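**Q** Take a look and give me a structure for this.
(2 chains)
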Amino acid sequence: MLIVTCPWCGQREVTEFGYGGEAHIARPENPEQLSDEEWGDYVFFRKNPRGVHYERWVHTHGCRRWFNAVRHTVTDEFFGSYKPGEAPPTVPVSKG
Amino acid sequence: MKQKYSIFSIVRNAIGYHEGWQEAWRSPDPKAHYDMIIVGAGGHGLGTAYYLAKECGVRNVAVLEKDWLGGGNTGRNTTICRSNYLWDESAALYDHSVDLWHGLSRELNFNVMYSPRGLIHLAHSVHDIQEIGRRGNSNYLNGIDAEYLTPEQVKQWVPFINLNTRYPVMGGLLQRRAGTARHDAVAWGYARGADALGVDIIQNCEVTGFRIEENVVKGVETSRGFIGANKVGCVVAGHCSVLAEKAGFRLPIESFSLQALVSESIKPKIDCVVMSNGIHAYISQSDKGELVIGAGSDPYNSYSQRGGFDLIEETVGAVVELYPIFSRMRMLRQWGGVVDVTVDRSPILSKTPVKNLYFNCGWGTGGFKATPGSAHVFAHSLAGEDMHPVAAPFSIDRFNTGALVDEGAAAAVAH
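**A** Have a look, this model is predicted:
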């Protein structure tokens, strides 16, 4: 089973977690000024990379706090977890 | 001239010690330019090429495949065909497919083993009952056969089912015209049919980029060099976001790993398809005798073509709860496919921001059932100026206009 590292609780099995999709998508600052295309882009369109993915997780059956993680979507290798507001860990160039 | 498969060709070749069989399709080198290029030789892509050549008069077509044909999700699904979707747009698309499934073996002169054996959606809660009631009525209005089953009627279809599970079986929705087909044969039949009409199927040829001039696609860069084309249609399922990125735009899609597993072979035991959205178990029996079981999709983005064991445990637990008779069976193999999931669980058949570049993707966890219909309307869309009327509602623009086709309940696989 996939082992996910919660920055507060440490390593736990994936079944303890919820998944929040792509990370670092900022909510628009002036939503009333957005066009339909910009709204659609914000709500629905995603990078969905084959490779390194910055993503959100929530430790639903643990501390219930949200955090970010960096994972490779082919190998499932994690390059680190980090709390909201923290800088993401660096990914080895060979793995990118 | 392609040999026609028939009882006579079997006899003739048996007398000739089976040395006279033709190859089912050629393996040509790519030409410098085609009228149309289809990227992805799965069922949908090969079918598109077949209908382009057969019905649209476009025979200068290539299908490019990075691996071997039919090796992606076409070879990884649970072979279920049905059309009991909620909305009018979906009903038109999926029922078009069921109509084509019925004549497909004869059309292709290739036995795709379509078996309309009946499919039951189980309901385990008041909410499930309301959902199948609403969807069944909607199906009925759209001319799709749907019957409501009481628990006793479910028991008549599947005598060994345990109705008193943790979430008891409270009813079911039956579509008699639904069933299964032989997944590999669909790819092979379309490949053979398209090849006979002059389509070049080029395997082991990965598309690495697009040549785009003034926002018009001119061809594709591949592992075997540049190939020019007037129009390009991408039908690559789980990897559609990867190709879209090469063309310079994003898609409203995320890719997940969806698993399935099959058991050892047993004598015929279950003669219909039974799906349970509520506790997530769906099951049928192949002609070889294996139980074919669909598991859930992992909750996180993945291109790994494998999935978590926790999902298998959950699925097998649900199967054993519903069918205690299977509790001591062994599973022979398990695999995963990369499914391209949209938020409304409906596909995308659409033009893109790049002129003459089309995408057919977003089929998510249920693309196999739609193979003939999807291929048919996508071929007509590629051949004409406008999208086929059945395909038009599935434009990528719906994610900007808000005209989503929400099939979250009918799509059946919990995400």
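
**Q** how near is residue B:332 to chain A?
**A** 22 Å (C-beta to the nearest C-beta, to the nearest Å). C-beta here means a position set from N, CA and C on the backbone, and glycine is covered the same way.

**Q** Which element, helix or strand, includes that residue?
**A** Using DSSP states H and E, residue B:332 maps to strand B:331-342.

**Q** Tell me the strands beside that strand, with direction?
**A** The strands that strand B:331-342 pairs with in its sheet are strand B:253-265 (antiparallel) (by DSSP bridges).

**Q** what is the mean pLDDT for the partner strand?
**A** Average pLDDT, strand B:253-265: 96.

**Q** next structured bit after that strand?
**A** Strand B:253-265 is succeeded, C-terminally, by strand B:273-276 (DSSP H and E).

**Q** Can I get that following strand in PDB? Just the C-alpha atoms.
**A** Written as PDB, here are the backbone C-alpha positions of strand B:273-276 (Å, rounded to 0.1, in the frame of the first residue of the first chain):
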ATOM      1  CA  VAL B 273     -23.700  -8.600 -15.400                       C
ATOM      2  CA  VAL B 274     -24.400  -7.400 -11.800                       C
ATOM      3  CA  MET B 275     -23.200  -4.000 -10.700                       C
ATOM      4  CA  SER B 276     -23.400  -2.500  -7.300                       C
END
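
**Q** Might you report the residue contacts of residue B:210?
**A** B:217, B:219, B:220, B:221, B:232, B:246, B:247, B:354, B:357 (C-beta atoms under 8 Å, 6 or more residues apart in numbering or on different chains).

**Q** quick one: which of those residues is nearest residue A:10?
**A** Nearest to residue A:10 among those is residue B:246, at 39.0 Å by C-beta to C-beta.

**Q** That closest one contacts residue B:212, doesn't it?
**A** No - in terms of C-beta atoms under 8 Å, residue B:246 does not count as a neighbour of residue B:212; the distance is 9.6 Å.

**Q** ok, so what distance separates residue B:293 from residue B:25?
**A** Distance from residue B:293 to residue B:25, counting by C-beta to C-beta, to the nearest Å: 32 Å.

**Q** Identify the residue nearest the most centrally placed residue in chain A in space, chain neighbours excluded?
**A** Nearest residue to the geometric centre of chain A (C-alpha atoms, centre = their mean): residue A:55, 1.2 Å. Leaving out its chain neighbours, the residue that sits closest to residue A:55 by C-beta to C-beta, 6 or more residues apart in numbering or on different chains is residue A:23, at 5.3 Å.

**Q** and the one you found, how far is that from chain B?
**A** 11 Å.

**Q** Hmm, that residue is touching residue A:57, no?
**A** No - if you go by C-beta under 8 Å, residue A:23 and residue A:57 don't touch, sitting 9.1 Å apart.

**Q** Looking at those two, which one has more neighbours?
**A** Under the criterion of other C-beta atoms under 10 Å in any protein chain shown, the comparison of residue A:23 against residue A:57 puts residue A:57 first, with 26 against 18.

**Q** hmm, back to that, anything in contact with each of residue A:23 and residue A:57?
**A** residue A:68.

**Q** From the centre of chain A, point out the most distant residue.
**A** Chain A, C-alpha atoms, centre = their mean, max distance from centroid: residue A:33 (27.2 Å).

**Q** Where does pLDDT dip in the chain?
**A** Since no chain was named, I'll use chain A. Residue ranges of chain A with pLDDT under 70: A:96.

**Q** Oops, wrong one, chain B.
**A** The low-confidence ranges in chain B, as defined by pLDDT under 70, are B:1, B:412-415.

**Q** Kindly recompute the last result at 80.
**A** Applying pLDDT under 80 to chain B flags the ranges B:1-2, B:409-415.

**Q** Would you mind listing the residues in contact with the residue in the stretch 1-150 of chain B that chain A sits nearest to?
**A** With C-beta to the nearest C-beta as the measure, residue B:66 is the residue of the stretch 1-150 of chain B nearest to chain A, at 12.4 Å. Going by C-beta under 8 Å, 6+ apart, residue B:66 touches B:204, B:205, B:206, B:207, B:223.

**Q** Let me have those in TSV, extended by neighbour count.
**A** Below are the contacts of residue B:66 laid out as TSV (neighbours: other C-beta atoms under 10 Å in any protein chain shown):
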residue	neighbour count
B:204	12
B:205	23
B:206	14
B:207	23
B:223	11
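
**Q** Looking at the residues you listed, which are in strands?
**A** residue B:207 (DSSP state E).

**Q** First-to-last residue distance for stretch B:140-154?
**A** 20 Å (C-alpha to C-alpha, to the nearest Å).

**Q** okay but residue B:391 is in contact with residue B:376, surely?
**A** No - taking contacts as C-beta under 8 Å, residue B:391 lies outside contact range of residue B:376: 9.5 Å.

**Q** Other residues contacting the helix or strand encompassing residue B:310?
**A** For residue B:310, the element it lies in under DSSP H and E is helix B:309-322. By C-beta under 8 Å, 6+ apart, the residues outside helix B:309-322 that reach it are A:1, A:13-15, B:122, B:161-162, B:165-166, B:169, B:259, B:261, B:274, B:276, B:279-281, B:283, B:293-298, B:326-327, B:331, B:334.

**Q** Give the ChimeraX command for selecting the buried subset of those residues.
**A** Here is the ChimeraX selection string for the buried members of these, based on 16 or more other C-beta atoms under 10 Å in any protein chain shown:
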select /A:14,15 /B:122,161,165,169,259,261,274,276,279,280,281,283,293,294,295,296,297,298,326,334
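
**Q** out of the contacts of helix B:309-322, which are inside strands?
**A** A:13, B:122, B:259, B:261, B:274, B:276, B:281, B:283, B:293-298, B:331, B:334.
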